[in-house]
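Sequence below, structure please.
(chains A and B)
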Amino acid sequence: MKAQNRRTFLKTAAVAGTVAAGLGTSKAKAAPMNILSPNRMGVLIDTTVCVGCRNCEWACKTAHDLPSEPLSTYGDRSVFAQMRRPDDGALTVVNEYGNPKNKDLPINVKVQCMHCDHPACVSACIVGAFTKQENGTVLWDSDMCIGCRYCMAACPFQIPAFEYHKAIQPEIRKCDFCIQRTSKGELPACVSICPVEALTYGPREELVRVARDRIKANPDRYVNHVYGEYEVGGTSWMYMAGREFADLQFPNLGTNPAPGVSEAIQHGIFAYFMPPVALYAILGAIMWMTKDRKEEGL
Amino acid sequence: MHAYMKPTPLKAKFFTPGVIVLCVLALNGLVFLAGRFFFGIGAVTNLNNQYPWGLWIAFDVAAGVALAAGGFTTAALGHILHREDFHVVLRPALLTAMLGYTFVAVGVFVDIGRWYFIWHPLIMWNGSSALFEVGICVMIYMTVLYIEFIPMVTERFIGRVNLPGVLKFLNRPLDALLRVMDRGLGKTMFIFIIAGVVLSTLHQSSLGTLMVIAGPKMHPLWQTPVLPLLFLLSAIAVGFPMVIFESMIASRSFKMKPEMDVLSRLAGFVAPVLGVYLAFKLGDMFIRETFVYLQELTTESVMWTIEVVVGVIVPLRMFLSRAVLRSPVLLFIAAMLVIFGVALNRLNNFIVAYTPSYSFSSYFPSIGEISVSVGFVSLLVLMYRAYVMIFPIISLPDSSAAPKTKYAIRGGK
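Prediction:
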């Protein structure tokens, strides 16, 4: 009697194991595209050159079919009174900060998605709707997104914005590096419109070299720090400034990739499905061994 | 020793003054919920681009999953360790877990912007996402819970399927289906029971991994790489107090004597687990030296202190006392404190600790968010009441045939 019971148990357990193994193999390809190409492009933003004309804000809205005031109204500098952040209606905004070196030359900082080399949003997204493209773009896919907003909780630069007042098909909005334009060989809209060439578009490696050369040539003009060169493992968009970045409200982040520990934990728990399967086996063994407890007890 | 306990559908009047209050609260929640579906999440919540997650994720989902932990902890005790002496709590705990997870799923459903794409994670996988793992595990576990509940349906309705009018022709096939399920599950239930425990440990801990990726946006008092372990331990710790809490409420509501004999033995397991949880929480604090943040008087330090002192240390001391374990009132209070502590921990992790680098105002849940959450809890309690009156869940003293509460690892009967 007992032997037969045991056989049935083993048989059923074997079936369960096969099912679990089946799950495991199909899981192997479960990762969104996350390419770190050596030829990825980037943009270098020189805040010491930017004059705060905000033409880039207009160009960005126009390129992305977002409602916008006419370009002539963008000269209004009163918007700088308050710090602004990108949102679902503006994928990039320019803020203004005081300049201790020269009161008449305020520092303007353009804010948009940094297009991280190791993006937290790509790692976090529940359905893998974010991808890191070969050209450096961190791209969001509307067809996959379920609107859970985990990307917003994960992003160290607090960039993704959500359409909170849309009941159907609300979107996550952030800078898409003008992938429509760059794939046709055009410059990103903001880079192309900038009248003072504060933005430089090019291969990221080259941009780092350019930035380092500029700092070497003008050590009085710049702080010796290219923001984004190493932050959270490097970003495609990088900044140069004449004032400490912390004073310009740049977050103080380490050099470890943003997803860091979280991915290590995740992959640790699911290393080839071993831990869950092992736990299943142990519990099954305990259940088998203690099964006579009732008979003994009664 | 004492009369044999047999799960029986309870007989009572469904509508009492308390039930009517719950109905009103549930309706109120549904009204605000309608606003969310017609005008978007922004219309009823205080969420914004700085605070993407609020009360619905922190309470309905995170706290909800933790408080439904009674399901897997009792299943481990009763079915895997075969502690038959606890069988009277197994079905109520299973029902709470089943309803709890159902409302977790509903909570996720209303919080995500594109609720009609909630099935996407089933076919679009991201193995590095903690949220993906939580989502998949919760989906599978909820299915497992419903399967574990089937024996209560078969027990109640085999030979008693009696559909009225035009549906009459379905009576015989339905009865046959119930019998097939009953036979099949009798042999295979152990697979689901073990799976339920494994899935629970996985997603209870991964719920802790969720906020790790928020990095410096989370206050150091809570942000730690051992968050998954803390979440798992606190979920295990809150499992039995939750069973004690709901068992006593149900006894009171249906005017029965509380099962003090079983409950105080169950309560004996709480102190060790709670102690281990506290040890890890404080150990982590000393290793990372985050106690420095307690020196300043901030919302974070106050909330952390309340969470740990009122929600862990006080109930830990209470559960260590024999007098508390024997007194229904004190045991109830102790259980409630643990529940409070763990629920507050989840709220702290997801709301209080979250400080975005750029914020224009701090987040506090709106009337709409609170109404919806309260409405869901009310609905859950109402459904619990209805279920224990329809299905054999709660055990009453009975000398007749023994119930089927044990799913042994064996083939035939």
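
contacting residues for residue A:254?
Contacts of residue A:254 were listed using Cβ atoms under 8 Å, 6 or more residues apart in numbering or on different chains, and they are A:231-232. C-betas here are computed from N, CA, C, even on glycine.

tell me the secondary structure for it?
coil (DSSP: H, G, I helix; E, B strand; the rest coil).

Just the pLDDT at it, thanks.
Residue A:254 carries a pLDDT value of 89.

And residue A:27, by the same measure?
The model's pLDDT for residue A:27 equals 39.

Where does the closest residue to chain B within chain A sit, in terms of helix or strand?
Residue of chain A nearest chain B, by Cβ to the nearest Cβ: residue A:147 (2.3 Å). For residue A:147, there is no helix or strand it lies in under DSSP states H and E.

For burial, what's the neighbour tally of residue B:48?
20 (other Cβ atoms under 10 Å in any protein chain shown).

State the phi and psi torsions of the closest residue to it other than its chain neighbours.
Distances taken as Cβ to Cβ, 6 or more residues apart in numbering or on different chains place residue A:164 nearest to residue B:48, at 6.8 Å, with adjacent residues excluded. Main-chain torsions, residue A:164, degrees, to the nearest 10: phi -70, psi -20.

and residue 289, how many residues sit next to it?
Here I'm looking at chain A. Other residues close to residue A:289 by other Cβ under 10 Å number 12.

To clarify, I was referring to chain B.
9.

For the residue in the stretch 51-200 of chain B that chain A sits nearest to, which three-state class applies?
Closest residue of the stretch 51-200 of chain B to chain A, Cβ to the nearest Cβ: residue B:113 (2.3 Å). Under three-state DSSP, the three-state class of residue B:113 is coil.

ok, residue B:113 touching residue A:162?
Yes: between residue B:113 and residue A:162 there is a contact at 6.5 Å, judged by Cβ atoms under 8 Å.

which neighbours do the two share?
Residues touching both residue B:113 and residue A:162 (Cβ under 8 Å, 6+ apart) are A:147, A:149, A:170, B:41.

Quick one: which of those residues is the most crowded by neighbours?
Among those, residue B:41 has the most neighbours (other Cβ under 10 Å), with 28 neighbours.

Roughly how far does that residue sit from residue B:32?
To residue B:32, residue B:41 is 12 Å away according to Cβ to Cβ, to the nearest Å.

picking that back up, quick one: contacts for the closest residue to the residue of chain A closest to chain B other than its chain neighbours?
Distances taken as Cβ to Cβ, 6+ apart place residue B:113 nearest to residue A:147, at 2.3 Å, with adjacent residues excluded. Each residue near residue B:113 by Cβ under 8 Å, 6+ apart is listed here: A:145-149, A:162-163, A:166, A:170, B:41.

Which ones among those residues map onto helices?
Taking DSSP state H, the ones among the contacts of residue B:113 that sit in helices are residue B:41.

Quick one, which of the contacts of residue B:113 has the minimum pLDDT?
In this model, the minimum pLDDT among the contacts of residue B:113 belongs to residue A:166 (92).

burial of that one, as a residue count?
For residue A:166, the neighbour count with other Cβ under 10 Å is 18.

if you skip the residues just before and after it, what's nearest to it?
Distances taken as Cβ to Cβ, 6+ apart put residue B:40 closest to residue A:166, at 5.0 Å, once the chain neighbours are dropped.

Helices along the stretch 101-250 of chain B, start to end?
Counting by DSSP state H, counting those that start in this stretch, the stretch 101-250 of chain B has helices at residues B:120-123, B:130-157, B:171-209, B:227-253.

Name the residues of the longest one that come out as buried.
Okay, so that is helix B:171-209. Using 16 or more other Cβ atoms under 10 Å in any protein chain shown as the burial criterion, the residues of helix B:171-209 that qualify are B:175, B:178, B:181-182, B:185-209.

Nearest residue to residue B:369 in space, ignoring adjacent ones along the chain?
Leaving aside its sequence neighbours, residue B:369 sits nearest to residue B:55 (Cβ to Cβ, 6+ apart; 4.5 Å).

Quick one, grab the pLDDT at the one you found.
Here the pLDDT value assigned to residue B:55 is 96.

Show me where chain A has its helices.
With DSSP H as the criterion, chain A has helices at A:2-27, A:55-63, A:120-124, A:150-154, A:179-182, A:189-193, A:204-217, A:260-269, A:274-289, A:293-297.

pLDDT below threshold where in chain B?
Chain B contains residues with pLDDT under 70 at B:1-4, B:398-413.

go again using 50 as the cut-off
B:1-2, B:401, B:410-413 (pLDDT under 50).

all strands of it, in order?
All strands of chain B, identified by DSSP state E, fall at B:5-7, B:395-397.

out of those strands, deepest packed?
Sort the strands of chain B by mean neighbour count, taking mean count of other Cβ atoms under 10 Å in any protein chain shown, and strand B:5-7 sits at the top with a mean of 19.

Tell me which other helices or strands that one touches.
Other helices and strands packing on strand B:5-7, by 3 or more Cβ pairs under 8 Å, 6 or more residues apart in numbering or on different chains; DSSP states H and E, are helix B:87-111, strand B:395-397.

Out of these, which one sits most buried?
It is helix B:87-111: most buried of these by mean count of other Cβ under 10 Å, with a mean of 22.

Pull out the buried positions in stretch B:145-154.
B:145, B:147-154.

any residue of it up close to chain A?
No: counting by Cβ under 8 Å from any Cβ of the partner chain, chain A has no neighbours in stretch B:145-154; the shortest distance is 13.2 Å.

how far does that stretch sit from the chain's center?
Remark: stretch B:145-154 is offset 18 Å from the chain centroid, using Cα atoms, centre = their mean, to the nearest Å.

Let's see that stretch as PDB, backbone CA atoms only.
Extracted C-alpha coordinates of stretch B:145-154, given in PDB (Å, rounded to 0.1, in the frame of the first residue of the first chain):
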ATOM      1  CA  LEU B 145      -5.800  29.700  -3.900                       C
ATOM      2  CA  TYR B 146      -8.900  29.300  -5.900                       C
ATOM      3  CA  ILE B 147      -8.000  25.600  -6.600                       C
ATOM      4  CA  GLU B 148      -7.400  25.100  -2.900                       C
ATOM      5  CA  PHE B 149     -10.900  26.400  -2.300                       C
ATOM      6  CA  ILE B 150     -12.600  24.000  -4.600                       C
ATOM      7  CA  PRO B 151     -13.000  21.200  -2.000                       C
ATOM      8  CA  MET B 152     -15.200  23.600   0.000                       C
ATOM      9  CA  VAL B 153     -17.400  24.000  -3.000                       C
ATOM     10  CA  THR B 154     -17.600  20.300  -3.800                       C
END
